[in-house]
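>>> can you look at this prediction? I've put the sequence above it.
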Amino acid sequence: MASSKTASIGRLGEIAQVAVRHGFGFVLEGRRAPQSETSTVRGRHLREMLDELGPTFVKFGQLLSTRPDIVPPDIIAELRSLQDDVTPFPYADVERVVLEDLHQPISRLYTEFEQQPMAAASIGQVHRAVLPNGRRVAVKVQRPNAPRQIESDIQLLEQAARLVKERVRALDFVDTREIVDEFARSIRQELDYRQEGRNAQAFHHNFAGHPHVAVPRVYWSYTSRRVLTLEYLDGVQLADLEVDQWTMEQRRRLAYVIAEAWLTMIFRHGFFHGDPHPANILVLSPERIGLVDFGLSGKLTDRDLSKLTRLFIDAAHENIEVLPRRLADLGVRYPKEKEEEFISELHQIYSRYYGSSLSEIDPIQVIREAFGLIYAMNLRLPGRFVMLDKAIATIGSVGVDLYPGFNVFEVAKPYARTLMLERFTPRRVAARARREGMALTQMAAALPYQVYDTLEQVRDGEIEIGFRHQGLDDLMHKLDVVSNRLVIALVVTGGLIGSSLIGIFAKTGPHLLGLNLVAAIGFFASGVLGIWLLWGVIRSGRI
């Protein structure tokens, strides 16, 4: 326990030294960032610092690159270049992990197993192998110390998040602890290869029989928490493709096959690959691609798909005035008083880019401008749409690298229109009506019980109702004045009546000016009060 604590302190000191070396000492001292340093320079320093700190911090930087609502666009552009590429771990460790998880040595499980990995990343590495039935597979094996190292780094990130929250006032609008929690949930899921296997199986089912997209099947008998065995797809990574040897028509077709694959995932399946990086796309032929690395995926509900389709149609038809409302329907939050500014900024972006092919513009500049608008307006994006935005932006960038004339709107416009029509076919309308009808029936059935519970709480005094009414204090003051005047008027009236009765019926006792003394005092007091009341009414101007 002591050694673990000492190691954490040592690692924290190492992080502090690296931060100071890359120009982030002001954070540790609670100062603001130097005004002379631009966000682009800070972004480069941040990327270099995360790269030096190791795999967990590289992945954290990759997460930050998907958060345009909290990170400036210049810094995002720098963080997007972070590559999860590390030195492979020894083959002896591969053998040990496979034996511990699958309970048999590699020599019994696989007839062939290449010792040199195809690729190595922060959490694991991939080896080619052959099953006893002759099937070629790709085996992903987790680093032996990955969970321990990641948990240790997560704890340090949590401490750093608290430090930033306490000392960096410029980031008060950002919940740094929430960001670290989001990262922790994401990377812990990646530590369980069974979850990635379930994602791969879902994609394999969705694209079964598809003429242009191949997804490897999962071999569950050879899969565990730290070992994932997938069908081997024989292709070239898009990142390594020598496009100069392809005709322009082949490149155009490949770009549109990739774009259509992701639009199919988004609009038809509601379940999409969250990281369409060129290293995760295999080119099997000019009109066929394969997908790998399923650790990051996004899920959209049927309601999300309906709203998203309407947003795409309005965007494609330049219905800019309704775009803020469409975004609000999707859960995007922005200050209401900035809606006009939002629409104006959208108009400016459209006037610059809509209708142009991506060969005429810099796609990275488009992404920067979009992210810049999100950041400047302090928009709050739901997590699933942040991932979706990143996927679409990456597809646009990949498409233009392949074919300069590529335009993602050309693919999306007819696609969205067709899908909107499909979503209103009698079968789909009936299905939605049945679903919503069942929900309403359940609500109606639960209503008597909810009313009963509410009445029980009222009876037991467990419900307190409070309200605040603007201007109520002024009304209460006026009611007090009216009540006081009414009371004084009643006192005056009672005094006059009482004094008159005393003056009529009292025959004995002292008299003053022919009146009984008590009656005279009563008349005098009532007169004074009456004159005071009349003067107050005259002064109020309400007479």
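Thanks, I have the structure now.
>>> need the next SSE after the helix or strand harbouring residue 308, C-terminal direction.
Under the criterion of DSSP states H and E, residue 308 resides in helix 302-316. As assigned by DSSP H and E, the chain's next helix or strand after helix 302-316 is helix 323-329.
>>> could you identify the helix or strand that succeeds that following helix?
Counting by DSSP H and E, what follows helix 323-329 is helix 339-353.
>>> what angle do that next one and helix 302-316 make?
On the basis of axes from the mean of the first three to the mean of the last three CA atoms, to 10 degrees, helix 339-353 is oriented at 60 degrees to helix 302-316.
>>> mind checking how far residue 197 is from residue 41?
42 Å (CB to CB, to the nearest Å). C-beta here means a position set from N, CA and C on the backbone, and glycine is covered the same way.
>>> which of the two has more neighbours?
Taking neighbours as other CB atoms under 10 Å, residue 197 and residue 41 compare with residue 197 leading, 21 against 15.
>>> just to be sure, the more buried one is in a helix?
Yes: counting by DSSP: H, G, I helix; E, B strand; the rest coil, residue 197 falls inside a helix.
>>> now the helix holding residue 308: mean pLDDT?
Averaging pLDDT along helix 302-316 gives 74.
>>> need the contact list for the spatially closest residue to residue 311 that is not a sequence neighbour.
Among residues not flanking residue 311 along the chain, residue 326 sits closest, at 4.2 Å (CB to CB, 6 or more residues apart in numbering). Residues in contact with residue 326 (CB atoms under 8 Å, 6 or more residues apart in numbering) are 307, 310, 311, 314.
>>> count the neighbours of the last one for me.
When you say that, I think you mean residue 314. 17.
>>> could you check the pLDDT of the nearest residue to it once chain neighbours are set aside?
Distance criterion CB to CB, 6+ apart; nearest residue to residue 314, sequence neighbours excluded, is residue 322 at 5.4 Å. On pLDDT, residue 322 comes in at 81.
>>> separation between residue 322 and residue 306?
Counting by CB to CB - residue 322 and residue 306 are separated by 15 Å.
>>> repeat that for residue 258.
In terms of CB to CB, residue 258 sits 25 Å off from residue 306.
>>> which one of those two is surrounded by more residues?
residue 258 (25 against 18).
>>> got the confidence number for that one?
Residue 258 is given a pLDDT of 92.
>>> just the one 4 residues further on next, same as before
The predicted local confidence for residue 262 comes out at a pLDDT of 89.
>>> and it, how many neighbours does it have?
With other CB under 10 Å as criterion, residue 262 counts 23.
>>> which SSE is it in?
Assigned by DSSP H and E, residue 262 falls in helix 248-263.
>>> number of residues surrounding residue 266?
27.
>>> now the strands for the stretch 151-300 of the chain?
With strands called from DSSP state E, counting those that start in this stretch, the stretch 151-300 of the chain shows them at 213-214, 227-231, 236-237, 271-273, 281-285, 288-291, 297-299.
>>> in the last one, what counts as buried?
Of the residues in strand 297-299, those with enough neighbours to count as buried (16 or more other CB atoms under 10 Å) are 297, 298.
>>> may I have the secondary structure class of residue 393?
Assignment for residue 393 (three-state DSSP): helix.
>>> so how far is residue 146 from it?
29 Å.
>>> contacting residues around residue 98?
104, 105, 106, 109, 139, 141, 227.
>>> please, which helix or strand holds it?
helix 91-102.
>>> CA atoms only for the next helix or strand along the chain from that helix - export them in CSV, please.
Following helix 91-102 in sequence order, the next helix or strand is helix 106-109 (DSSP H and E). Only the C-alpha atoms of helix 106-109 are listed here, as CSV (Å, rounded to 0.1, in the frame of the first residue of the first chain):
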residue,chain,number,x,y,z
ILE,A,106,-1.5,-20.5,-27.7
SER,A,107,-0.1,-23.7,-29.4
ARG,A,108,-3.3,-25.5,-28.6
LEU,A,109,-5.7,-22.7,-29.4
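>>> list the pairing partners of the helix or strand that helix 106-109 is followed by within its sheet, with orientation.
Next along the chain after helix 106-109, taking DSSP H and E as the criterion, comes strand 112-113. Sheet pairing for strand 112-113, assigned by DSSP bridges, gives strand 124-130 (antiparallel).
>>> which residues does the strand it pairs with contact?
Contacts for strand 124-130 (CB under 8 Å, 6+ apart): 88-89, 94, 110-120, 136-143, 146, 193, 226, 229, 232.
>>> can you flag the buried ones in the residues you listed?
88-89, 94, 110, 113, 117, 119-120, 137-143, 146, 193, 226, 229, 232.
>>> just those residues: which are in helices?
In this view, these that belong to helices under DSSP state H are 94, 146, 193.
>>> got a list of what the last one touches?
Yep, that's residue 193 we're talking about. Residue 193 touches 124, 140, 142, 223, 224, 225, 226, 227, 228, counting by CB under 8 Å, 6+ apart.
>>> okay, those in TSV with pLDDT and distance to residue 240 next?
What follows is these, written out as TSV (pLDDT from 0 to 100; distance: CB to CB, whole Å):
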residue	pLDDT	distance to residue 240
124	89	20
140	97	19
142	94	25
223	97	27
224	96	30
225	95	31
226	96	28
227	97	26
228	97	22
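>>> of the residues you listed, which is the nearest to residue 100?
residue 226 (7.8 Å; CB to CB).
>>> my guess is the closest one contacts residue 101. True?
Yes: at 4.9 Å, residue 226 counts as touching residue 101 under the criterion of CB atoms under 8 Å.
>>> with just CA atoms, put stretch 276-295 into CSV.
Extracted in CSV, the C-alpha atoms of stretch 276-295 (Å, rounded to 0.1, in the frame of the first residue of the first chain):
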residue,chain,number,x,y,z
PRO,A,276,-13.8,6.3,-38.8
HIS,A,277,-10.1,6.9,-38.7
PRO,A,278,-8.2,5.8,-41.9
ALA,A,279,-6.4,3.2,-39.9
ASN,A,280,-9.8,1.6,-38.9
ILE,A,281,-11.0,1.3,-42.6
LEU,A,282,-9.6,-1.5,-44.7
VAL,A,283,-9.8,-1.3,-48.5
LEU,A,284,-10.7,-4.7,-49.9
SER,A,285,-11.5,-3.5,-53.4
PRO,A,286,-12.4,-0.2,-55.1
GLU,A,287,-16.0,-0.8,-54.1
ARG,A,288,-15.7,-2.8,-50.9
ILE,A,289,-14.4,-1.8,-47.5
GLY,A,290,-13.9,-3.6,-44.2
LEU,A,291,-14.3,-2.1,-40.7
VAL,A,292,-12.1,-2.8,-37.6
ASP,A,293,-11.6,-1.5,-34.1
PHE,A,294,-15.1,-1.4,-32.5
GLY,A,295,-14.2,0.0,-29.1
